[in-house]
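K.L.:
compute the structure for the input listed below.
(one chain, ligands or ions: 2)
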Amino acid sequence: MARGNKDNIYSNPLGDVTGFQFDNKVVDVFPDMIQRSVPGYTTIVAMIGTLAERYAQSGSQCYDLGASLGAATLAMRHRIPAADCKIIAVDNSEAMVERCQTVIAADSAPVPVELLCQDIQDARIENASVVVLNFTLQFIAVEQRKAILQKIFEGLRPGGVLIISEKVIFEDAAHGELMIDLHHAFKAANGYSALEIAQKRTALENVLIPETLGQHRDRLREIGFSSVDVWFQCFNFASMIAIK
Ligand SMILES: Nc1ncnc2c1ncn2[C@@H]1O[C@H](C[S@+](CC[C@H]([NH3+])C(=O)[O-])CC(=O)[O-])[C@@H](O)[C@H]1O
Ligand SMILES: O=C(O)C(=O)Cc1ccccc1
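P.N.:
Ligands and ions are numbered 1, 2, ... in the order given. As a prediction, this is how the structure comes out:
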């Protein structure tokens, strides 16, 4: 996806750093922001295409929940070989959905895409073979996460897959600090200043709520997923595969 404008949202001192929102300002810089902020993002998105190629079942639906500008939607759209599949992309930010519509319209791959401006808590999941939560569940209140995952499990066909990527924390405090420090070094190497890193960190407090990999794994297993494990991790960013 084109990188568009450079993210300099947090480059000047803000008297009051308000909670992070997916508004027009973020939409304008989003591809640059996520690429420079999430180690492994490009690989994860490409591999979502590879996973969809393997798991999409003919006549089923593939969901991209918290689609932003449709990076995972397009990765799937370009790799699904199964017949009669449809992709449903959902995001509750009007600004994101509006821009995502132009991104999808500019792409001509044949798999149909339906784009919905909706809270994933209200989304209907049915006849699904692939469900993607690529860095989305982390923005949902912790006590609401299980119900969403339960609904996804119920909407998946047997043999279907949930791909869930999250920023994570660690049980071992020293290891956790090291991962955060290495993440900040990654951001610095990508051109973010100490001020930008600090102000973004403040903006994400109580907005992006990370859990441990153990918490994710235990919840997915309790729900009934038969196989749950990490397939990608770089520092405090990880992606899991959960198979029904
Ligand atoms: N309750 C909700 N309902 C629907 N959407 C939501 C909700 N809460 C947040 N979002 C949406 O989830 C997306 C999270 S970004 C996903 C990247 C994308 N998956 C990618 O592969 O590029 C990750 C990040 O920015 O760290 C935003 O577009 C929000 O509007
Ligand atoms: O920038 C960060 O520190 C992150 O955790 C990743 C991110 C990327 C884009 C929007 C919100 C969070």
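K.L.:
so Trp231 sits in a helix?
P.N.:
No: according to DSSP: H, G, I helix; E, B strand; the rest coil, Trp231 belongs to no helix; its state is strand.
K.L.:
how about it, nearest residue that isn't a chain neighbour?
P.N.:
Excluding the flanking residues, the one nearest Trp231 by CB to CB, 6 or more residues apart in numbering is Ile241, at 5.1 Å. Any C-beta I mention is one placed from the backbone N, CA and C, and that applies to glycine too.
K.L.:
phi, psi for the one you found please.
P.N.:
Torsion angles at Ile241 (phi, psi; degrees, to the nearest 10) stand at phi -110, psi 130.
K.L.:
who does it form a beta bridge with?
P.N.:
Ile163, Asp229 (DSSP bridges).
K.L.:
any idea how many residues pack against it?
P.N.:
Using other CB atoms under 10 Å, Ile241 has 19 neighbouring residues.
K.L.:
test my guess that it contacts Ile163.
P.N.:
Yes: Ile241 sits in contact with Ile163 when judged by CB atoms under 8 Å, with a separation of 6.0 Å.
K.L.:
now for those two: what residues contact both?
P.N.:
Each of Leu51 lies in contact with both Ile241 and Ile163 under the rule CB atoms under 8 Å, 6 or more residues apart in numbering.
K.L.:
the residue lying closest to Ala194 once chain neighbours are set aside: neighbour count?
P.N.:
Once flanking residues are discounted, Ala194 sits nearest to Ala188: 7.4 Å by CB to CB, 6+ apart. Other residues near Ala188 come to 13 when the count uses other CB under 10 Å.
K.L.:
and the one helix or strand Ala188 maps to, C-alpha only, in CSV?
P.N.:
Ala188 is part of helix 173-189 when elements are defined by DSSP states H and E. Extracted in CSV, the C-alpha atoms of helix 173-189 (Å, rounded to 0.1, in the frame of the first residue of the first chain):
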residue,chain,number,x,y,z
ALA,A,173,8.9,-7.3,34.4
ALA,A,174,12.6,-7.1,33.3
HIS,A,175,11.9,-8.8,30.0
GLY,A,176,8.8,-6.6,29.5
GLU,A,177,11.0,-3.5,30.0
LEU,A,178,13.6,-4.8,27.6
MET,A,179,10.9,-5.4,24.9
ILE,A,180,9.5,-1.9,25.4
ASP,A,181,13.0,-0.4,25.2
LEU,A,182,13.8,-2.4,22.0
HIS,A,183,10.4,-1.3,20.5
HIS,A,184,11.3,2.4,21.3
ALA,A,185,14.8,1.8,19.7
PHE,A,186,13.0,0.4,16.6
LYS,A,187,10.8,3.6,16.4
ALA,A,188,13.9,5.8,16.9
ALA,A,189,15.7,4.0,14.1
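K.L.:
appreciated, that's everything.
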